[in-house]
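1. Any chance you could fold what I've pasted below:
(2 chains)
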There are 2 protein chains.
Amino acid sequence: MSILVVGTVALDTIQTPFGRVRNALGGSAAYSAVSASFFSKVKLVSIAGKDFPQQFISFFQSRDIDTKGLQIKKGRTFRWSGSYTYELNSAQTLKTELNLLSHFNPTLAGDYQNEKFVFLANINPRIQLEVLKQLKGTRLVVSDTMNYWIEHEKETLKRVIKRSDIFILNDSEARELTCESNLIKAARALLALGPRLVIVKKGEYGCSLFSRTFSFYVPAYLLENVLDPTGAGDTFAGGFLGYLAARPKITESALKKAVALGTIMSSYVVEDFSLERLRKLNKRDIRVRFKDFQRMTNFK
Amino acid sequence: MSILVVGTVALDTIQTPFGRVRNALGGSAAYSAVSASFFSKVKLVSIAGKDFPQQFISFFQSRDIDTKGLQIKKGRTFRWSGSYTYELNSAQTLKTELNLLSHFNPTLAGDYQNEKFVFLANINPRIQLEVLKQLKGTRLVVSDTMNYWIEHEKETLKRVIKRSDIFILNDSEARELTCESNLIKAARALLALGPRLVIVKKGEYGCSLFSRTFSFYVPAYLLENVLDPTGAGDTFAGGFLGYLAARPKITESALKKAVALGTIMSSYVVEDFSLERLRKLNKRDIRVRFKDFQRMTNFK
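-> Model prediction:
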């Protein structure tokens, strides 16, 4: 099965205690599409300007990502600039230039509207809602967001959550959106909004998946050297949905493995800046670390 | 097999957002001995004053804990008073009265010196070292500490660590003791001091076990209602060693199950003040939550 990924592509300028990159490939759709491409065929829907390097598009294509839905318009690509201290869990945004993103109005091509698996990566929930309206016969919609939209587009975001099967957010966002400090209570409040599953990411502490009938927790895959945490959550989501879309059936067991594989994908992406680590990654690396992660977390 | 537990018994006064107790049963040895007693026979070595309620001693005995090593002296029992905010991960100490604890000099009875499994719960490392010197033919020494001893008795503490098979501490203590912010590097530095295994506790985020050949992480068992986190780490350690001591052999698999059971024991103790929840606990409760925890964390 293939998956449709809608979100941002960006030119990121990132500073961490371990280095700096300028105008590197970034954006929620870029990270999640590349991550998902290790498991499923991916169709990317986003917008970029004439300044978006051809080599980034070639990279997507080298991962067999269909870029027909990547609109290239006259103007500048969305740019984000952020920095991290040694406490790598959260970025400080230095500058956000929406540029072409502020006029993004994705019109899905006919065959895109029939995609069975859709990931609405972090982007304005108004855009997410526009995409949802165009979908026909989708089996599974996964959506993600960020604190900015909770603060500025809460009601639209709630409509997106209502129409999503799986909603992904981080722990502080879950607390902010539900006004519940306890994560189990926050997850229950989110499930009450409509989705079948909620995934709460906790950065270096792993993530939790909540359904109405079970819950599942994985720690993060501990690393000695994290260079750049940007995109870890998007990469998680891409690996998660990419794996699920390749399953014949979405069972509890498949969901758990999908969470574990999403965790593995994000453990790789943070080992280098931007998407550099994913360029060199192969399926064998994923299998090796997955086995290792199983040994690190399972008990009898 | 039985285990020897050396540490403090205390009268605790605790305030959390959910209530308050005065002169309740507390202390590192109290929590760990009671927790271990669900898996192994326990011999308790500690000191208390004439003000230590007989009902607390009866409670130990009801758990089949041998209290011959609990010295009752003229004077006042060690008292600790602390409070927690809604962020329940760390206590603010309001008052510490060492009282009789400042003169505690444990002399182990002959049969106690031959115990195969020993837990040196959090107490002055000078006392831990005195106990270590008296042991003959011990198979496994597990020790624990707290930030105060890292700051005030670092060299003595290092000698304790060197002579321990398993050393337990929390993540901030691991960082403080080793001056390494990364937990894998901190664990490696701790293993270099001598122990075969290091367990790093991360409060509500679970814990990690590190050996020279493998590592293992469990998340915490998420709870909707935590009333009082006091003693969670001691309870973890008690369950961990109590289970191990009952195994014919200490394998990687047994160590992992021991970590999981320690986690389950600590998830119970925080559901009520002091040791109240453990009073009502039975082996079936432990089995049920253990199975649940397995379903929550294992994946194929």
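2. What are the boundaries of the helices in the stretch 151-300 of chain A?
-> A:154-162, A:171-178, A:183-191, A:232-245, A:252-269, A:276-280, A:283-297 (DSSP state H, counting those that start in this stretch).
3. can I get those helices in a markdown table with distance to chain B, mean pLDDT and mean neighbour count?
-> In this view, the C-beta of every residue, glycine as well, is placed from N, C-alpha and C. Shown next, in a markdown table, are these (distance: least, C-beta to the nearest C-beta, whole Å; pLDDT from 0 to 100; neighbours: other C-beta atoms under 10 Å in any protein chain shown):
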| stretch | distance to chain B | mean pLDDT | mean neighbour count |
| --- | --- | --- | --- |
| helix A:154-162 | 21 | 97 | 17 |
| helix A:171-178 | 10 | 94 | 20 |
| helix A:183-191 | 5 | 96 | 19 |
| helix A:232-245 | 12 | 98 | 29 |
| helix A:252-269 | 4 | 98 | 23 |
| helix A:276-280 | 18 | 98 | 16 |
| helix A:283-297 | 6 | 97 | 15 |
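4. Distance to residue A:61 for those - can I get that in a markdown table?
-> Output for these, formatted as a markdown table (distance: least, C-beta to C-beta, whole Å):
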| stretch | distance to residue A:61 |
| --- | --- |
| helix A:154-162 | 29 |
| helix A:171-178 | 33 |
| helix A:183-191 | 36 |
| helix A:232-245 | 17 |
| helix A:252-269 | 20 |
| helix A:276-280 | 13 |
| helix A:283-297 | 19 |
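5. what's near enough to touch whichever residue of the stretch 1-150 of chain A sits closest to chain B?
-> Nearest to chain B, among the residues of the stretch 1-150 of chain A, is residue A:86, at 6.2 Å (C-beta to the nearest C-beta). Going by C-beta atoms under 8 Å, 6 or more residues apart in numbering or on different chains, residue A:86 touches A:17, B:181.
6. Wait, a helix at it?
-> No - according to DSSP: H, G, I helix; E, B strand; the rest coil, residue A:86 belongs to no helix; its state is coil.
7. Not counting sequence-adjacent ones, nearest residue to the residue positioned nearest the centre of chain A?
-> Nearest to the mean C-alpha position of chain A, by C-alpha atoms, centre = their mean, lies residue A:234 at 2.3 Å. Of all residues beyond its chain neighbours, the one nearest residue A:234 is residue A:31 (3.6 Å), with distances taken as C-beta to C-beta, 6 or more residues apart in numbering or on different chains.
8. quick one: the residue of the stretch 1-150 of chain A closest to chain B from residue B:175, how far?
-> 11 Å (C-beta to C-beta, to the nearest Å).
9. Check residue A:262 too.
-> Taking C-beta to C-beta, one finds residue A:262 at 28 Å from residue B:175.
10. before we move on, what about residue A:38?
-> 34 Å.
11. again, but for residue A:99
-> 41 Å.
12. Return the residues in contact with the nearest residue to residue A:239 once chain neighbours are set aside.
-> Leaving aside its sequence neighbours, residue A:239 sits nearest to residue A:265 (C-beta to C-beta, 6+ apart; 3.3 Å). Taking C-beta under 8 Å, 6+ apart as the criterion, residue A:265 is in contact with A:35, A:38, A:235, A:236, A:238, A:239, A:278, A:286.
13. contacting residues for the third one?
-> Listed by C-beta under 8 Å, 6+ apart, the contact partners of residue A:235 are A:31, A:32, A:34, A:35, A:262, A:265, A:266, A:268, A:269, A:278.
14. Work out for me the element the fourth one sits within.
-> Counting by DSSP states H and E, the element that carries residue A:35 is helix A:28-36.
15. the inter-axis angle of that helix versus helix A:232-245?
-> 50 degrees (axes from the mean of the first three to the mean of the last three C-alpha atoms, to 10 degrees).
16. From the contact counts, what lies against the following helix or strand past helix A:28-36?
-> Using DSSP H and E, the helix or strand that follows helix A:28-36 towards the C-terminus is strand A:41-49. Here strand A:41-49 touches strand A:2-6, helix A:28-36, strand A:65-66, strand A:70-73, going by 3 or more C-beta pairs under 8 Å, 6 or more residues apart in numbering or on different chains; DSSP states H and E.
17. gap between residue A:35 and residue A:195?
-> With C-beta to C-beta as the criterion, residue A:35 and residue A:195 are 21 Å apart.
18. ditto for residue A:28
-> 18 Å.
19. Next: residue A:51.
-> 37 Å.
20. Neighbour count for those two, which is higher?
-> Higher neighbour count among residue A:51 and residue A:195: residue A:195, with 23 against 14, using other C-beta atoms under 10 Å in any protein chain shown.
21. The more buried one contacts residue A:161, correct?
-> Yes - contact criterion C-beta atoms under 8 Å: residue A:195 and residue A:161 qualify, at 6.0 Å.
22. between these two, what contacts are shared?
-> Joint contacts of residue A:195 and residue A:161 (C-beta under 8 Å, 6+ apart) are residue A:167.
23. re earlier: what sits in contact with each of residue A:86 and residue B:175?
-> With C-beta under 8 Å, 6+ apart as the test, residue A:86 and residue B:175 both reach residue B:181.
24. who are the neighbours in contact with the closest residue to residue A:244 other than its chain neighbours?
-> Leaving aside its sequence neighbours, residue A:244 sits nearest to residue A:258 (C-beta to C-beta, 6+ apart; 4.8 Å). Counting by C-beta under 8 Å, 6+ apart, residue A:258 makes contact with A:239, A:240, A:241, A:243, A:244, A:247.
25. Any chance of these in CSV with distance to residue B:132 as columns?
-> Below are those laid out as CSV (distance: C-beta to C-beta, whole Å):
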residue, distance to residue B:132
A:239, 48
A:240, 48
A:241, 53
A:243, 50
A:244, 53
A:247, 54
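26. biggest separation within those residues, which pair?
-> Greatest spacing in the contacts of residue A:258, by C-beta to C-beta: A:239 and A:247 (13.2 Å).
27. Hmm, residue A:40 is touching residue A:3, no?
-> Yes - at 5.2 Å, residue A:40 counts as touching residue A:3 under the criterion of C-beta under 8 Å.
28. Residues in contact with both of those two, list them for me.
-> By C-beta under 8 Å, 6+ apart, the residues touching both residue A:40 and residue A:3 are A:117, A:241, A:242, A:245.
29. What parts of the stretch 51-200 of chain A come near chain B?
-> Proximity of the stretch 51-200 of chain A to chain B, by C-beta under 8 Å from any C-beta of the partner chain, involves residues A:86, A:181, A:182, A:183, A:184, A:185.
30. Do a quick rundown of the strands in the stretch 101-250 of chain A.
-> Using DSSP state E, counting those that start in this stretch, the strands of the stretch 101-250 of chain A run over A:117-120, A:140-144, A:166-170, A:197-201, A:207-211, A:215-218.
31. so of the ones you listed, which one's packed in deepest?
-> strand A:117-120 (a mean of 28; mean count of other C-beta atoms under 10 Å in any protein chain shown).
32. Show me what it is packed against.
-> strand A:2-6, helix A:125-134, strand A:140-144, helix A:232-245.
33. Of the helices of the stretch 151-300 of chain A, which is nearest residue B:16?
-> helix A:183-191 (17.4 Å).
34. any idea of the angle the closest one forms with strand A:207-211?
-> Using the same axes, to 10 degrees: helix A:183-191 against strand A:207-211 is 50 degrees.
35. Specify the angle between helix A:183-191 and helix A:154-162 in degrees.
-> Angle, helix A:183-191 to helix A:154-162, by the same axes, to 10 degrees: 90 degrees.
36. can you list contacts of helix A:183-191?
-> A:161, A:167, A:169, A:171, A:174-175, A:177-178, A:180, A:197-198, A:200, A:208, A:210-212, A:215, B:222-224.
37. next one: stretch A:141-160
-> By C-beta under 8 Å, 6+ apart, stretch A:141-160 touches A:7, A:28, A:32, A:117-122, A:124-126, A:128-129, A:132, A:135, A:161, A:163-169, A:172-173, A:176-177, A:193, A:233-234, A:237, A:240-241.
38. What is the end-to-end distance of that stretch?
-> 10 Å (C-alpha to C-alpha, to the nearest Å).
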